[in-house]
Each structure stands twice: as C-alpha cells, then as structure tokens.
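Trainee: I'd like to go over a predicted model; first the sequence, then the structure.
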Amino acid sequence: MYISDTHLKAFLADAGLVSAKDFDAAEQEAKESGKPVGDILTAKNAIGEDELRRTYAYILGIPFISLTGTNIKYETLSEIPEPVARRNNIIAYNHRGDELEVAMLDTDDLAAIDFIKKKTRLKVLARLTDVASIKAALKQYQQGLKDNLGDVIRRETAALEKTPEGKEENLQQIAEGVPAVRIVDTLLRHASAQGASDIHIEPLEASLLIRYRIDGILHDAMELPKHAAGAITARIKVLANMKLDEKRLPQDGRFSTEGAGEKVSFRVSILPTYFGEKIVMRLLRDNVSGFTLESVGFHGVGLERMHDAMKKTTGLVLTTGPTGAGKSTTLYTLLDIVNTPNVNISTIEDPIEYQMARVNQTQVRPEIGFTFANGLRSLVRQDPDIVMVGEIRDKETASLAVNAALTGHLVLSTLHTNSAAGAVARLIDMGVEPFLLVSTLRVIIGQRLVRKLDSNKEQYELSRDEQTQLDHIVDAGNVLRALKDEKIVAKDATWKNVPFYHTKESAEHPSGYSGRVGIYEVLPVTATIKEMIIAAASEDAITAQARKEGMLSMSEDGIFKAVQGVTTIEEVLRVITE
C-alpha cells in the first residue's frame with residue numbers, strides 16, 4: 001500500500017495521531033534505513049499497527065472492516081481454506097451473488113487475491129482489517145468445523161438408528177451411505193485443522209467419546225450419540241481396508257486423504273473393548289522434506305556430532321526414547337540430509353510413516369512372515385549405501401543391523417530405551433558382543449518432545465530459591481557454560497539475570513503452547529566410551545563420562561531451550577519425569 005510521506009504526515013498531524021516531531025524523526029530514519037515511515041512509527045510505538053492500517057484505508061479510500069464480535073457463516077468462511085487464511089491473513093466474511101468480500105491485513109497481496117479468484121470463481125472485493133479481527137475469525141474455523149460436525153451428526157444419525165446391523169452386506173451399505181461418509185469426513189477435517197497427531201474414538205456405555213492428542217496432550221473433543229458408533233466404525237474399516245464383520249480381534253490398517261493442498265495419511269488401529277471397538281488413528285503429514293537438524297531442536301556440540309556421524313559411510317546411528325518421542329522424525333530428517341543422487345537408500349519399516357522421494361521403502365508384514373530380520377537380510381543384497389531399520393526389536397534384527405554396519409553400510413535405527421547410554425546395555429542384552437558395538441556405534445541420541453511456547457509469553461527471572469531448586473534438577477553450571485559457548489547469554493551472565501518464560505493464554509492457543517520440539521542428549525562413542533563398553537561399565541558411568549566430554553543431558557538441553565524461550569521449565573520437568 002503506497003502512500004506518500006507528505007499525505008501520511010498531513011493526515012496524522014490533522015488527526016492528532018502523531019506529532020510532527022515524531023514524524024520528522026521517523027522520516028529521517030526511513031531515509032537512512034530504507035524502511036517505510038509507517039514501519040518505523042509502529043516500531044517506536046508512536047502509533048499502533050491497527051491505527052496506522054485504518055489511516056491507510058481512509059487515505060486510499062479502501063473500506064475498513066472490523067470482524068471482532070462478528071459471527072461469520074461457516075459456508076462463507078470456508079471459501080478460503082484455513083491454512084491459506086492463516087498464512088496470508090485473509091478472511092472471507094460476506095458472500096453475495098458472485099461477489100466475495102474478504103478482509104485482509106495487506107490489500108496489496110495480489111497473489112492471495114488471485115488464488116481466491118481462481119478457487120471460488122467469484123469477484124473478490126478486498127477490505128482492510130486489523131490483527132484482532134483476523135485472530136477472531138481464525139478461531140471461528142475451529143468452532144465452525146465443530147458446529148458443522150454437530151449439524152451433520154444431528155442431520156444424519158436419525159437414519160442410522162433405523163439401519164439394520166450384523167451382516168457384512170448391511171455394514172457395507174452403512175459404511176458407504178451418505179451419513180457415515182459425511183460424519184467421518186468432517187471428523188477427520190476437524191482433527192486435522194486442530195493440529196491433532198492422534199484421534200481416539202472410544203465407545204462408552206451410553207455415548208461415543210472423541211478425543212484428540214494435540215502437542216502430546218489428550219483433549220476431549222466431543223461426545224457423539226452411541227448409535228453413531230456402528231456407522232463410524234464401519235466407514236473407517238472400509239477406508240482402511242479392514243474386515244467389516246470382524247469385531248472380536250484387533251485390526252490395523254491405513255488410508256490417506258487430501259485437502260487444502262495437504263496430504264495426510266491415517267494409521268488406524270482397532271481394538272475390541274467392553275463397550276465396543278475402540279479406534280485410534282495416527283495422523284501423518286506425508287511430506288517431511290525440508291526439515292533440518294536445527295529446526296527439530298539440535299544445536300551446539302550435539303549438532304556438530306550429528307553432522308560428523310552422517311559424514312561417515314559406515315557405522316550405526318541410533319535414536320532412543322519411548323513411543324511418541326519423535327524418533328521417526330529424527331530418522332527421516334537424517335535421511336533427508338543424506339538423500340543425494342549418488343547414494344542408494346533402502347528402509348525396512350513398520351509402518352512406513354512418511355513417503356520420501358528416491359528412498360526405497362519397505363513395509364514389514366509379520367502375518368506372512370516378512371519381519372524386520374528377514375527384510376533386513378534381503379535389503380543388504382540390494383546394494384544399499386544407507387539402510388534405515390524402523391526399530392531394533394529382537395536379537396536377530398540387532399545382529400543383522402550390526403553386521404550391516406560392519407560390512408560397509410551406514411545403518412540408522414531406533415531403540416526403546418529411556419536414555420542414550422541405555423542403548424548399549426539393551427543391545428548387549430540382545431546378544432550383541434561388546435567388541436562389535438565399539439566397532440560400529442557412531443552416535444546415540446536420546447530424545448523426548450516438549451511443547452513449544454506460543455509467541456505470546458511472559459518473561460521472568462529465577463528467585464534465589466528457584467535457582468537452588470534448578471541446581472538440584474540439572475548441573476546448572478554445565479547448562480550455563482553451554483549457553484555462554486553458543487552466545488545465548490552474555491559471558492558474564494549468572495542465573496540471577498538469565499531470563500526464563502511463563503505461558504500466557506491467548507485466544508488462539510489457550511494453553512500458551514503451540515507445536516512441539518525435541519530435547520536431546522547426543523552421545524558420541526569416543527575412544528574412552530569404547531573402553532567403558534568393553535569393560536562393561538554401567539549406564540550411569542557411561543552417561544557421566546559423556547557429560548565430561550561435553551554432552552548435555554536431555555533435562556539440561558530442556559533448560560537450555562527454556563532460557564531461549566522455546567519452552568518452559570515446567571514443561572521440561574513434566575516430560576522428563578513422565
């Protein structure tokens with residue numbers, strides 16, 4: 001939105017919004033820096049962003065609209081997919097005939113306007129709005145989807161009550177009927193829009209409970225009528241290619257959906273319970289390309305050690321942690337880094353969570369005898385340079401993975417242990433000889449996921465008592481050294497003046513958190529660690545030696561990220577003590 005400085009100055013002065021002195025100072029700074037005068041005025045708090053936007057709208061003759069407190073019809077709001085609305089700060093709020101009125105923070109965003117014209121085939125009328133209006137409207141997407149789901153259920157479940165069940169042909173008819181299709185489709189869209197990683201559909205005595213796992217925490221989403229359970233279960237079984245009439249045994253399956261430019265895969269598990277079949281669906285966004293070690297939470301010495309390990313052409317790289325700790329994402333990120341045209345990469349997984357270009361991915365099928373062990377045995381005959389084994393679960397797979405690392409392959413895999421050092425004892429317990437481990441192990445990663453703070457957060461400093469408590473939780477001196485080495489805090493900083501952050505509730509993120517990031521311990525298998533493995537040293541002794549050599553423990557890495565404002569001390573303690 002171009003407005004000459006003269007026009008802007010005259011209007012702001014006449015309206016008494018900015019003094020001539022403040023404007024002249026901002027104008028001089030604008031000439032020196034090349035930034036717009038308006039940006040400098042808002043940066044200096046001479047005028048608020050929204051007030052400046054209203055001023056632009058008045059000068060340019062563009063209508064200004066406030067959507068705060070306005071209830072937008074869901075049909076109109078959904079003309080623009082939520083990811084597009086959120087990314088471009090643009091909201092569809094009024095649809096009349098062949099005209100669609102949209103509220104924007106930047107009416108010069110012609111690419112967004114053109115996209116909406118092509119998508120809706122309507123005449124788009126752009127209006128200026130403020131940040132509060134955009135936030136209020138974005139919140140309505142969630143409520144609109146929920147209300148829409150309620151409307152669909154109320155409209156469709158009456159027919160389901162009258163539908164006979166029991167025979168497979170009846171179940172097939174129910175699953176392909178309009179009510180079941182609409183209910184499940186809307187449920188999946190709602191979960192995806194909420195950013196859920198898992199959907200739990202749990203039969204209770206008198207209702208059907210829907211729960212979402214968002215940022216690692218389970219939340220009740222809604223309760224549906226009990227008689228909707230049969231149709232929802234049948235529809236999901238059809239999508240996941242499961243047996244419709246099997247209600248006594250657990251079943252697993254998978255299906256994909258595509259919408260708003262995003263492809264999502266759903267990994268489905270069905271388990272018989274006392275009140276019916278419980279369904280859990282894991283949502284997997286198919287494209288993980290573009291992740292970097294830095295973006296998933298690695299930094300400093302740990303990051304350097306990861307890159308050093310990935311430059312090797314042979315050896316074993318392990319990531320450890322409980323289910324849901326982000327191990328698969330770490331492995332796929334590592335694969336993305338080494339996925340170049342001059343290497344052959346093969347994987348054996350259960351299940352294949354993400355599809356990756358130029359990577360030969362194989363799904364294990366235990367029911368027909370195709371396990372990790374015999375799959376890996378076949379993989380090494382496929383001339384791979386890099387092998388990824390989804391999980392080392394048994395003695396045979398462990399032995400084959402170590403042998404593959406010995407015979408000229410770089411092998412990546414996961415183990416279910418609580419710490420990085422715990423992987424050594426686990427592999428030895430599986431029958432791998434210590435002398436083979438020291439010949440193959442390059443680096444072991446221990447990890448957990450913590451919730452990330454929203455941008456709207458509150459800074460504070462530790463009291464004397466809190467500093468004492470911190471020293472009991474972690475080696476505070478070790479964390480402070482790492483913070484200074486990476487120039488996060490000043491060289492002369494003490495815990496007394498190091499900032500931490502509390503959550504602050506916002507309309508968009510009531511919990512104060514948004515998204516998750518990893519906290520890690522990266523254990524390099526150095527000469528001293530190798531000697532300790534041969535000498536059958538304990539897990540604690542290996543961890544202590546690794547920390548002497550510069551490793552941050554997971555809890556220390558969590559406190560490091562708390563100082564950066566990425567998470568909170570409370571969140572780190574919640575995850576570490578679970």
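Mentor: Now that the structure is in, tell me what you want to look at. Numbers count the residues shown, from 1 in each chain.
Trainee: quick check: closest non-adjacent residue to residue 462.
Mentor: Distances taken as Cβ to Cβ, 6 or more residues apart in numbering place residue 495 nearest to residue 462, at 5.9 Å, with adjacent residues excluded. Using the backbone N, CA and C atoms, a C-beta is placed for each residue, glycine as well.
Trainee: quick one: residues contacting the one you found.
Mentor: Neighbour list for residue 495: 462, 467, 470, 476, 480 [criterion: Cβ atoms under 8 Å, 6 or more residues apart in numbering].
Trainee: which positions within whatever helix or strand the third one lives in qualify as buried?
Mentor: Under the criterion DSSP states H and E, the helix or strand holding residue 470 is helix 464-473. Counting neighbours by 16 or more other Cβ atoms under 10 Å, one finds that the buried residues in helix 464-473 are 470, 473.
Trainee: what's in contact with that helix?
Mentor: Contacts of helix 464-473 (Cβ under 8 Å, 6+ apart): 462, 476, 495, 496, 555, 559, 569, 573.
Trainee: low pLDDT regions in the stretch 451-578 of the chain?
Mentor: 506-509, 578 (pLDDT under 70).
Trainee: which parts of the stretch 151-300 of the chain are helices?
Mentor: Along the stretch 151-300 of the chain, the segments classed as helices by DSSP state H, counting those that start in this stretch run 168-176, 178-193, 229-239, 300-311.
Trainee: and these: which comes nearest residue 207?
Mentor: Counting by Cβ to Cβ, residue 207 lies closest to helix 229-239 out of these; the figure is 8.9 Å.
Trainee: using PDB, list the CA coordinates for the closest one.
Mentor: Provided in PDB are the C-alpha atoms of helix 229-239 (Å, rounded to 0.1, in the frame of the first residue of the first chain):
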ATOM      1  CA  ALA A 229     -20.600 -45.800  16.600                       C
ATOM      2  CA  GLY A 230     -21.500 -48.600  14.200                       C
ATOM      3  CA  ALA A 231     -21.600 -46.300  11.100                       C
ATOM      4  CA  ILE A 232     -18.300 -44.500  12.100                       C
ATOM      5  CA  THR A 233     -16.500 -47.800  12.800                       C
ATOM      6  CA  ALA A 234     -17.800 -49.400   9.500                       C
ATOM      7  CA  ARG A 235     -16.800 -46.300   7.500                       C
ATOM      8  CA  ILE A 236     -13.200 -46.300   8.900                       C
ATOM      9  CA  LYS A 237     -12.900 -50.000   8.400                       C
ATOM     10  CA  VAL A 238     -13.800 -49.600   4.700                       C
ATOM     11  CA  LEU A 239     -11.300 -46.700   4.300                       C
END
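Trainee: tell me which of the contacts of helix 464-473 is nearest to residue 397?
Mentor: Closest approach to residue 397 among the contacts of helix 464-473 (Cβ to Cβ): residue 555, at 30.4 Å.
Trainee: among the helices of the stretch 151-300 of the chain, show the one with the smallest mean pLDDT.
Mentor: For those, the bottom mean pLDDT is recorded on helix 168-176, which sits at a mean of 70.
Trainee: now do the buried residues in that helix.
Mentor: Residues 170, 171, 174, 175 are the ones in helix 168-176 that count as buried (16+ other Cβ under 10 Å).
Trainee: now the closest residue to residue 62 other than its chain neighbours: how far from residue 106?
Mentor: In space, and not counting its chain neighbours, residue 62 is closest to residue 128: 5.3 Å by Cβ to Cβ, 6+ apart. Here residue 128 is placed at a distance of 9 Å from residue 106 (Cβ to Cβ, to the nearest Å).
Trainee: which one of those two has more residues nearby?
Mentor: Just comparing residue 128 and residue 106: by other Cβ atoms under 10 Å the higher neighbour count belongs to residue 128, 22 against 15.
Trainee: okay but the more buried one is in contact with residue 108, surely?
Mentor: No - using Cβ atoms under 8 Å, residue 128 is not in contact with residue 108, being 10.5 Å away.
Trainee: wait, residue 430 sits on residue 392?
Mentor: Yes - counting by Cβ under 8 Å, residue 430 does reach residue 392; the two are 7.4 Å apart.
Trainee: what touches both of these two?
Mentor: Common contacts of residue 430 and residue 392, defined by Cβ under 8 Å, 6+ apart, comprise residue 398.
Trainee: these two - which one has more neighbours?
Mentor: A direct count of neighbours by other Cβ under 10 Å for residue 430 and residue 392 places residue 392 higher, at 27 against 17.
Trainee: would you say the more buried one is within a strand?
Mentor: No - read with DSSP: H, G, I helix; E, B strand; the rest coil, residue 392 is coil and lies in no strand.
Trainee: how far away is it from residue 402?
Mentor: Counting by Cβ to Cβ - residue 392 and residue 402 are separated by 9 Å.
Trainee: any shared contact partners between those two?
Mentor: Common neighbours of residue 392 and residue 402 (Cβ under 8 Å, 6+ apart) are residue 427.
Trainee: beta partners of the residue nearest to residue 62?
Mentor: Here residue 128 sits in beta bridges with residue 64, residue 104, as judged by DSSP bridges.
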